[in-house]
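*Asks:* Okay, structure incoming, though there's no sequence with it:
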């Protein structure tokens, strides 16, 4: 379930559903002067649903149908006393107005807590006990702490919730996967304090998926965020951004796990939007789950509100970029492809911004940085018998070609595996200028063999390497004992006050831990969203002419967009980072 979304695809607010209970004709019969409905038991039907449908008790059913002491049977004919001429109702789930297709397929999962029973769970969610038994047959005998109880959203008795809501000062909200107190407060336009006041147990237990919490009704009425905006072109006072990301709401759990990074990205984007709102910038957010389904993407692109946005961020997968890019171009909407580096659409679509640039272009940028920084140094290029990764080979081949073309001197040596222990770097180093040694490998085993040998050199030298080196287990003791230069699109300084503040706020809002490796997707979402919305708000139609003037001080990445022929824009940002001991410094 996606947080803070205006789109009805991604949240459940039960109090807005309308309902109507319709009378249904059943055959009537009179026994000993008393009227009864003659009713045939349906499949998966139990005492609870029948008693609720006809307004009688289980004891009354057994009184007039003694054979029911042994339980109900499918197609069994029973007699139900008619009370005061009241007509039976249809099943609540069947009589409600249709759910949106997304919710029709959605499933709620409840983890049983200590002392909970099937009865208490049914009351919590306004679901028939028989429904719980139907979808969780093992619960008939017993439920234990830690058991997972599942049932479809469509089975919830929304009429009960609506009736309860009319009598109370709050509305009910079912907590979705990855939702947070912060996200829910933003969704309903209430304060975090209001949520804690209505739900004191949150202070002790925290927020859990499938929890049912109370949301102040007064606040919701004051800020009805569930209301869809009118479909009209933005007048510039409010920015409209749409996120097309694969949240995998309908996918199996094993597949949905892969969507976690996109939740991180989205949550970081929400923090950027919140930062903008605090400066007075009004932003409307539209969120769509693209999954990996082409038909679903087509249906999203038919959404009328999508035509009114100022910016589309997404989709994630390369094969989905073309249809979205075509849509963006047809409707004059800027679009950011945040993840894919393989799309060919950028060169042909002037509305497309490709954040993750192809390795070929990044190599060109890195080579420019290398030459500008080290062209007057003593350059030593060491190659190895073990074949390098494709990216490393492409870079070193292109670099040697450029060095030769520009007449820049360098020394080159290919080292066989058997020669590594006896290799002497001293033969390639000089005393009158800085020595820069490029190791053409990202192979950890090769690094493990060559580094101890190189570190025996008597003359001083610096290293130039690749981002994979950071993952080398002995990097601090064998690599970063000397100046080491690595080019990367990302630079994260945990000592930066803005970065530390971001992580403090992020953890407080969402409670998520970060992944170990760069890039952090939450920072990626923040940087991209903040950059584009800030630029579009400031420069409007002249945004593309002022790309280098959008100074947002990104937390992790950078922005150096360049136009590709008559098409769109590619981000050629590349940092040169110097590592030494525990410190790292961004040089450009």
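*Replies:* Looks like it came in fine. Because the structure is a prediction, the values reported are computed rather than measured.
*Asks:* would you list every one of the helices in the stretch 101-250 of the chain?
*Replies:* 101-104, 118-125, 129-135, 158-167, 181-188, 192-198, 201-205, 217-222 (DSSP state H, counting those that start in this stretch).
*Asks:* Find the least confident helix or strand in the chain, judged by mean pLDDT.
*Replies:* helix 92-95 (a mean of 37; mean pLDDT, DSSP states H and E).
*Asks:* ok, and the residue lying closest to residue 360 once chain neighbours are set aside, which helix or strand is that part of?
*Replies:* Leaving out its chain neighbours, the residue that sits closest to residue 360 by Cβ to Cβ, 6 or more residues apart in numbering is residue 394, at 7.4 Å. Bear in mind the C-beta positions are built from the backbone N, C-alpha and C, glycine included. Using DSSP states H and E, residue 394 sits within helix 390-405.
*Asks:* wouldn't residue 441 be in contact with residue 387 here?
*Replies:* No. Taking contacts as Cβ atoms under 8 Å, residue 441 lies outside contact range of residue 387: 9.5 Å.
*Asks:* Same drill for those two, tell me which one is more crowded.
*Replies:* The neighbour count for residue 441 versus residue 387, taken as other Cβ atoms under 10 Å, is higher for residue 441 (24 against 11).
*Asks:* Double-check that the more buried one belongs to a helix.
*Replies:* No. Counting by DSSP: H, G, I helix; E, B strand; the rest coil, residue 441 is not found in a helix; it is coil.
*Asks:* ok so, going back, what's the angle between the next helix or strand after the helix holding residue 394 and helix 390-405?
*Replies:* Downstream of helix 390-405, the first helix or strand assigned by DSSP H and E is strand 411-415. Here the directions of strand 411-415 and helix 390-405 differ by 150 degrees (axes from the mean of the first three to the mean of the last three Cα atoms, to 10 degrees).
*Asks:* Show me which residues of strand 411-415 are buried.
*Replies:* residue 415 (16 or more other Cβ atoms under 10 Å).
*Asks:* Describe which strands that strand pairs with in its sheet and in which direction.
*Replies:* Sheet pairing of strand 411-415 (DSSP bridges) gives strand 378-384 (parallel).
*Asks:* Work out the gap between the strand it pairs with and the centre of the chain.
*Replies:* Offset of strand 378-384 from its chain centre (Cα atoms, centre = their mean, to the nearest Å): 42 Å.
*Asks:* Contacts made by that strand with the rest, please.
*Replies:* For strand 378-384, contacts defined as Cβ atoms under 8 Å, 6 or more residues apart in numbering pick out 396, 399-400, 403, 408-415, 417, 425, 428-430, 433-441, 443, 446, 450, 461.
*Asks:* Just the buried ones from the residues you listed?
*Replies:* Buried, going by 16+ other Cβ under 10 Å: 396, 399-400, 403, 408, 410, 415, 425, 428-429, 435-441, 443, 446, 450, 461, out of these.
*Asks:* returning to what we had before: burial count for the residue nearest to residue 360?
*Replies:* Applying other Cβ under 10 Å, we find 14 residues neighbouring residue 394.
*Asks:* quick one, what contacts it?
*Replies:* 359-360, 363.
*Asks:* just the buried members of the residues you listed?
*Replies:* The neighbour-count criterion (16+ other Cβ under 10 Å) marks residue 363 among those as buried.
*Asks:* Which of the contacts of residue 394 sits closest to residue 346?
*Replies:* residue 360 (12.7 Å; Cβ to Cβ).
*Asks:* where does residue 555 fall, phi/psi-wise?
*Replies:* Backbone torsions of residue 555, given as degrees, to the nearest 10, read phi -80, psi -30.
*Asks:* Next, the contact list for it, please.
*Replies:* 492, 496, 498-499, 502, 523, 526-527.
*Asks:* Now render these as a markdown table, adding secondary structure and pLDDT.
*Replies:* Below are the contacts of residue 555 laid out as a markdown table (DSSP: H, G, I helix; E, B strand; the rest coil; pLDDT from 0 to 100):
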| residue | secondary structure | pLDDT |
| --- | --- | --- |
| 492 | coil | 90 |
| 496 | coil | 89 |
| 498 | helix | 92 |
| 499 | helix | 90 |
| 502 | helix | 91 |
| 523 | helix | 95 |
| 526 | helix | 96 |
| 527 | helix | 97 |
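*Asks:* ok, so of those, who is nearest residue 473?
*Replies:* Of all those, residue 473 sits closest to residue 492, with 20.3 Å by Cβ to Cβ.
*Asks:* Could you find the closest non-adjacent residue to that closest one?
*Replies:* Of all residues not flanking residue 492 in the chain, residue 556 sits nearest, at 5.1 Å (Cβ to Cβ, 6+ apart).
*Asks:* and what of residue 532?
*Replies:* residue 311 is the one closest to residue 532 (Cβ to Cβ, 6+ apart), at 5.6 Å.
*Asks:* Could you do residue 369 as well?
*Replies:* Spatial nearest neighbour of residue 369, excluding adjacent residues (Cβ to Cβ, 6+ apart): residue 576 at 5.1 Å.
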